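> sequence first, then the predicted structure:
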Amino acid sequence: MIDAIDQKILMILQDNARTPNAEVARQLGMAASAIFERIKKLEERGVLRAYTAQIDPAALDLSLLAFVSVRTEDAVGTDFTARSLSQRPEVQEVHHVAGEDCYLAKVRVKDTAALSKLMKELGALPGVRATRTTIVLETTKESFELPILPKHSKSPRKKEKS
């Protein structure tokens, strides 16, 4: 269970994962040791899964973003194609989806030539029946942040005067 303090810790770390425990403690008016223990428990429970650096794709010459819908012939309950897609460094995300397609993959490459090469390689994977690619022209929002909604404490209703 995540309580209001854990939510505040998650909000602070989601904003800046490098925030020192002492600073989190200062913001919440708590002891740094208590914050350390809470963060440790959030990590152990898998609530806090990783601390990452966000890198500008253009700095690595990976400006082309595309989404690839993949239709497979995989037997129900198997994830062979998902695992094969996940092994590709260009593939940032793989989602099992409902609908006509089986998977949706987010890919980043240098240019259309690199995308064409990747599409040929993905199309040749065993079990892949078809792919459909959407190239992103402009990104308005891209975020890994989750909407952490504050928990409100229940207070007794005041009786209205008659």
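That came through, no problem.
> state the number of residues packed around residue 72.
Around residue 72 sit 22 other residues, with neighbours defined as other Cβ atoms under 10 Å. No exception for glycine: its C-beta is placed from N, CA and C like everyone else's.
> in the protein, which spans are helices?
Shown for the chain, the helices assigned by DSSP state H span residues 4-15, 21-28, 32-44, 80-86, 112-123.
> contacts for the fourth one?
What that stands for is helix 80-86. Surrounding helix 80-86, the residues in contact under the criterion Cβ atoms under 8 Å, 6 or more residues apart in numbering are 70, 72, 74, 91, 94, 96, 102-103, 105, 122, 125-128.
> what mean pLDDT does that helix get?
Mean per-residue pLDDT for helix 80-86: 95.
> now that helix: buried residues?
The neighbour-count check on helix 80-86 (16 or more other Cβ atoms under 10 Å) flags 81, 82, 84, 85 as buried.
> and for the third one?
By neighbour count with 16+ other Cβ under 10 Å, helix 32-44 contains the buried residues 35, 38, 39, 42.
> who are the packing partners of it?
helix 4-15, helix 21-28 (3 or more Cβ pairs under 8 Å, 6 or more residues apart in numbering; DSSP states H and E).
> next one: the second one
With contacts taken as 3+ Cβ pairs under 8 Å, 6+ apart, helix 21-28 sits against helix 4-15, helix 32-44.
> ok, now which ones touch residue 73?
By Cβ under 8 Å, 6+ apart, the contact list for residue 73 reads 127, 128, 129.
> mind checking which of those are buried?
Buried residues within those, counting neighbours by 16+ other Cβ under 10 Å: residue 128.
> how many residues are close by the residue lying closest to residue 105 once chain neighbours are set aside?
The shortest distance from residue 105 to any non-neighbouring residue, by Cβ to Cβ, 6 or more residues apart in numbering, is to residue 68 (4.6 Å). Per other Cβ under 10 Å, the neighbour tally for residue 68 reads 23.
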